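Chemist: Sequence first, then the predicted structure:
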Amino acid sequence: EAEVAQSPRYKITEKSQAVAFWCDPISGHATLYWYRQILGQGPELLVQFQDESVVDDSQLPKDRFSAERLKGVDSTLKIQPAELGDSAMYLCASSFRETEAFFGQGTRLTVV
Amino acid sequence: AQSVTQLDSHVSVSEGTPVLLRCNYSSSYSPSLFWYVQHPNKGLQLLLKYTSAATLVKGINGFEAEFKKSETSFHLTKPSAHMSDAAEYFCVVSDRGGSYIPTFGRGTSLIVHP
């Protein structure tokens, strides 16, 4: 069964360091999402891609976060510099046109 | 704009009794609605979806939900709770015809007592 792959599963980093997360969506899914989920809350959208283009990044803190999907397939989300408040689960999801989103297992980030 | 309100942050039931998790939505277009489940330290799994066909939707593990446009609701039900149902549940809305961005509610934690 096709899955969304994310790595790493867990990441511990010191504040002010750079950190990156990787996502490989289900093959054929043009839409890719990055969400941030703070403990005890629902996921919040950071950025949405359609192929290699950004559709919505209005909630992405652009002073420290960046996201790219250069060839319209896999994607990388970067934080530089990391802050204590960035500790959260980072979820990647993909979908085929306007259908349900399929989620990866997520990356649990802890900033110390 | 779209939004979701999950009316209960926690729901506690006994094993074998019915489950009701409540969700109200707001949408400027025709909505697609979803319920996802999240077990501890796991990703999100789709339980069921409504996309404009039948208003009563059946999902996995015995769950179902009914789309009620007049009430702007999409409540999740199950006739008999099982211990393995204990998890976090999220109601999600996407606007078909608008910006199709899955928007999550805050979640409802389902607690199942033996």
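Modeler: Thanks, I have it. Residues are numbered from 1 along each chain as shown, chains lettered A, B, ... in the order given.
Chemist: contacts and neighbour counts: CA atoms only from here.
Modeler: Fine.
Chemist: Can you name the residues that contact residue 55?
Modeler: Answering for chain A, as no chain was given. By C-alpha atoms under 8 Å, 6 or more residues apart in numbering or on different chains, the residues touching residue A:55 are A:47, A:48, A:49.
Chemist: Oops, wrong one, chain B.
Modeler: B:66, B:67, B:68.
Chemist: Wait, a strand at residue A:46?
Modeler: Yes: counting by DSSP: H, G, I helix; E, B strand; the rest coil, residue A:46 falls inside a strand.
Chemist: surely it meets residue A:58?
Modeler: Yes: at 7.5 Å, residue A:46 and residue A:58 qualify as touching, with contact defined as C-alpha atoms under 8 Å.
Chemist: When these two are compared, which one has more neighbours?
Modeler: residue A:46 (22 against 11; other C-alpha atoms under 10 Å in any protein chain shown).
Chemist: list the contacts for that one?
Modeler: A:33, A:34, A:35, A:36, A:57, A:58, A:59, A:60.
Chemist: Just the buried residues from those residues, in PyMOL please.
Modeler: Burial among the contacts of residue A:46 is assessed by 16 or more other C-alpha atoms under 10 Å in any protein chain shown; the matching PyMOL selection reads:
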select buried, chain A and resi 33+34+35+36+57+60
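Chemist: returning to that earlier point: among the contacts of residue B:55, which one has the most neighbours?
Modeler: Of all these, residue B:67 has the most neighbours under the rule other C-alpha under 10 Å, reaching 23 neighbours.
Chemist: Just want the phi and psi numbers for that one.
Modeler: Per-residue torsions, residue B:67: phi -80, psi 120 (degrees, to the nearest 10).
Chemist: Sketch out the low-pLDDT regions of chain B for me.
Modeler: Scanning chain B for pLDDT under 70 picks out B:98.
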